[in-house]
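A.B. asks: Mind folding the following:
(one chain, ligands or ions: 1)
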Amino acid sequence: MYIKDIVKIFENKYPKSLAYNWDNVGLIIGNEMDSVSKIMLTLEATQAVIDEAVENKVDLIITHHPFIFKGLKKINTSTTKGTDIYKLIRNKISVYSAHTNFDIAYDGLNDEIAKRLDLKDVLVLDTTYDQKLYKIAVYVPVSHQECIRKTMADMGCGNIGNYSDCSFTFEGVGRFKPLNESNPYIGIKNEIETVEEVKIESICEESKLSEAINNIIKAHPYEEVAYDIYELKNKGKKYGLGRIGQLKNSMKFKELSEIVKKSLNINEIRVTGNLEDDVNKIAIVSGSGSEFINNAYNMGADVLITGDVKYHDAQNALELGIKVIDAGHFGSENIFSDIVEEYLQNKFENIEVLKSKSNINPFVTI
Ligand SMILES: [Zn+2]
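C.D. replies: Below is the predicted model:
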């Protein structure tokens, strides 16, 4: 298994194109043709995590926070970042980061918190954009139709609501004449050939389109693949940061606060608002989301669960009448490793996936 195989499957679920422009995501250190048998997951690749990865002979570290975020002018051991990079490369350890794309994507951090709180009717809190939809139609000899349908489905084509692998197949006859310079899979040069073919149509999101086409061409037996791409007027999924949803049953704010601690496996949280009030509609922005207090309030949330809330943001929330749970930046995002572990273990049986045991929370409460 190569890094590129892991990246392909990972980005099928968490496309890089969802990340904000200012972000730095993807393969940060390494070569996509390096082989991988052991992966370590962590919110952050600190020095302790890197030492742990070296000790465990890890090939790839997957982080949530971008391992390199700002520009670097030198990579040497006079700085902590330079030392980290030097150590990683000397030990043939690659680093891949999935940041805002992981916050925004479905089944990413915010959806996982919503799932752990058992929220229903979950919507995007702050829509970044509506995904454009395309229809891909590809002409395939009958013998290769299953292979092409599988390739399209593996690339995420044909997802409609709660259904996957959706496609439509027409039967017909393909007709072509291989020219002098051709190297035809079927047919003879300069003679018209007719082949029983099928036309397979499937829907595809814009973020997956170019990779889907590349893979269809690779899987197709013909030298020249005939395919069409149509832009659709159908509305695609909304993508954006944060989620908002309803609790199955209203509860006291105090009870919700305890559930948040338990479901995120954290010992302490800070809250604003009356603990005895009933709450029902919950907004979530993992990491650092106090800038979404007004947004959450405008969408009718009773509570915003986030981290990194400053004093004046908390005052603003109290004035507005929306409650805030500050679960901490670390506290609201450390479940990153749980989510990726589950996803990768279901996809790759022969890869060992470890969650880092290093303590990366810089804060200690005394
Ligand atoms: Zn973060």
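A.B. asks: and the chain, which residues reach the ion?
C.D. replies: Residues of the chain found near the ion (CB under 5 Å from the ion) are 287, 333. No exception for glycine: its C-beta is placed from N, CA and C like everyone else's.
A.B. asks: which residues are contacting the helix or strand encompassing residue 52?
C.D. replies: For residue 52, the host element (DSSP states H and E) is helix 47-55. Identification of contacts with helix 47-55 by CB atoms under 8 Å, 6 or more residues apart in numbering yields 40, 42, 45, 61, 80, 83-84, 87-88, 91, 93, 356-360.
A.B. asks: so what are the domain limits for this structure?
C.D. replies: What automatic domain parsing lists as the domains of the chain is 3-103+334-355, 107-128+239-327, 132-231.
A.B. asks: related to what we said a few turns ago, and after the helix holding residue 52, which helix or strand comes next?
C.D. replies: Criterion used, DSSP H and E; the element after helix 47-55 is strand 60-63.
A.B. asks: so how many other residues sit close to the residue of the stretch 251-366 of the chain found nearest the ion?
C.D. replies: Residue of the stretch 251-366 of the chain nearest the ion, by CB to the ion: residue 287 (3.4 Å). Residues contacting residue 287 under the criterion other CB atoms under 10 Å number 23.
A.B. asks: And residue 6, by the same measure?
C.D. replies: 23.
A.B. asks: Could you do the one 10 residues further on as well?
C.D. replies: Other residues lying near residue 16 total 17 when counted by other CB under 10 Å.
A.B. asks: residue contacts, it?
C.D. replies: Residue 16 touches 25, 26, 101, counting by CB under 8 Å, 6+ apart.
A.B. asks: backbone phi and psi for it, please?
C.D. replies: Main-chain torsions, residue 16, degrees, to the nearest 10: phi -60, psi -30.
A.B. asks: returning to what we had before: quick check: strands, which of the contacts of helix 47-55 are part of them?
C.D. replies: Using DSSP state E, 40, 42, 61 are the members of those that sit in strands.
A.B. asks: Name the nearest of those relative to the ion.
C.D. replies: residue 42 (12.3 Å).
A.B. asks: quick one, what contacts the closest residue to the ion within the stretch 51-200 of the chain?
C.D. replies: When scored by CB to the ion, the stretch 51-200 of the chain has residue 65 as its residue closest to the ion, at 5.6 Å. Counting by CB under 8 Å, 6+ apart, residue 65 makes contact with 43, 44, 97, 99.
A.B. asks: could I get the residues you listed as a markdown table with pLDDT and neighbour count?
C.D. replies: A markdown table is the format used below for the contacts of residue 65 (pLDDT from 0 to 100; neighbours: other CB atoms under 10 Å):
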| residue | pLDDT | neighbour count |
| --- | --- | --- |
| 43 | 97 | 20 |
| 44 | 95 | 22 |
| 97 | 98 | 25 |
| 99 | 97 | 24 |
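A.B. asks: Assumed residue 266 was part of a helix.
C.D. replies: No: counting by DSSP: H, G, I helix; E, B strand; the rest coil, residue 266 is not part of a helix but coil.
A.B. asks: gap between it and residue 344?
C.D. replies: 24 Å (CB to CB, to the nearest Å).
A.B. asks: what do you get for residue 97?
C.D. replies: 15 Å.
A.B. asks: cool, and residue 88?
C.D. replies: Going from residue 88 to residue 344 by CB to CB gives 20 Å.
A.B. asks: neighbour count winner among these two?
C.D. replies: More crowded of residue 88 and residue 344, by other CB under 10 Å: residue 88, with 21 against 18.
A.B. asks: so what's the closest residue to the more buried one other than its chain neighbours bridging to?
C.D. replies: Spatially, and ignoring its direct neighbours in sequence, residue 88 is nearest to residue 29 (5.4 Å; CB to CB, 6 or more residues apart in numbering). Beta-bridge pairing for residue 29 (DSSP bridges): residue 95.
A.B. asks: Tell me which residues touch residue 29, please.
C.D. replies: By CB under 8 Å, 6+ apart, the contact set of residue 29 is 67, 68, 85, 88, 89, 93, 94, 95.
A.B. asks: Now, the contacts of helix 47-55 that are in helices?
C.D. replies: With DSSP state H as the criterion, helices contain 80, 83, 84, 87, 88 from among the contacts of helix 47-55.
A.B. asks: Turn the residues you listed into a markdown table, columns for pLDDT and distance to residue 318.
C.D. replies: Putting these into a markdown table (pLDDT from 0 to 100; distance: CB to CB, whole Å) gives the following:
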| residue | pLDDT | distance to residue 318 |
| --- | --- | --- |
| 80 | 95 | 39 |
| 83 | 97 | 44 |
| 84 | 97 | 41 |
| 87 | 97 | 46 |
| 88 | 98 | 45 |
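A.B. asks: isn't there a helix covering residue 287?
C.D. replies: No: with three-state DSSP as the criterion, residue 287 is coil rather than part of a helix.
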